[in-house]
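Asker: sequence first, then the predicted structure, then my questions.
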Amino acid sequence: MKQPQHPLKRDGYQHRVPDGLRSLQRQLEHLKKLQEQIVPILPQGENWQIASYEQGVLCIAAEHHAAVSKLRYLQTQYIEQIRQLEGFDTLHRLRVIVETPLRARSVQHDPMPPLSEDTKQLLQASAALFDDPEEVYIKNEKSKSKRIKKKKNKRKQ
């Protein structure tokens, strides 16, 4: 009978997983290096993020539309400046995108109107059909403590 194998040991998959993580780490380090080189050249006062650099296209993200528009308008000047940096001789285009940060919204709701008596009774009847695990646990604990007290009382007599 054939023994089952561990899923990560099958077909050499075990060796591919760390390579994938190493590859991701190399990409992150590369983006960090690009960030350190390019951001000082870009207009100040904006939180610029380098998203990618592939096939001569540098993708840059910012939060504000005005800064993105300015960089798009002056793109040719910035391309010339960035091309002077080591490793950017093939740069031919900037792709500038707006990336707004996700923010949690607080929503104010009006209080719910009180339930009618019929609705209250219906909900209570429906709830009575189900066992509440906490309620069952509390009842069991109470009955245990009562039995223990009875045993102690019997022993004392």
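Answerer: Ah, there it is. Numbers count the residues shown, from 1 in each chain.

Asker: pull the helix or strand with minimum mean pLDDT from this structure.
Answerer: Sorting the helices and strands of the chain by mean pLDDT, DSSP states H and E puts helix 133-156 at the bottom, at a mean of 72.

Asker: what's the span of stretch 74-91, first residue to last?
Answerer: From its first residue to its last, stretch 74-91 covers 15 Å (Cα to Cα, to the nearest Å).

Asker: and the strands in this structure, which stretches?
Answerer: 49-54, 57-62, 93-98 (DSSP state E).

Asker: which positions within the second one qualify as buried?
Answerer: By neighbour count with 16 or more other Cβ atoms under 10 Å, strand 57-62 contains the buried residues 58, 60-62. Quick note: C-beta positions are derived from backbone N, CA and C, even for glycine.

Asker: so where is this structure shaky, pLDDT-wise?
Answerer: When residues are selected by pLDDT under 70, those of the chain lie in 1-19, 132-139, 156-157.

Asker: distance of the residue nearest the centre of the chain from Glu63?
Answerer: Most central in the chain under Cα atoms, centre = their mean is Leu102, positioned 10.6 Å from the mean C-alpha point. For Leu102, the distance to Glu63 equals 11 Å [Cβ to Cβ, to the nearest Å].

Asker: and for Gln81?
Answerer: Distance, Gln81 to Glu63, by Cβ to Cβ: 22 Å.
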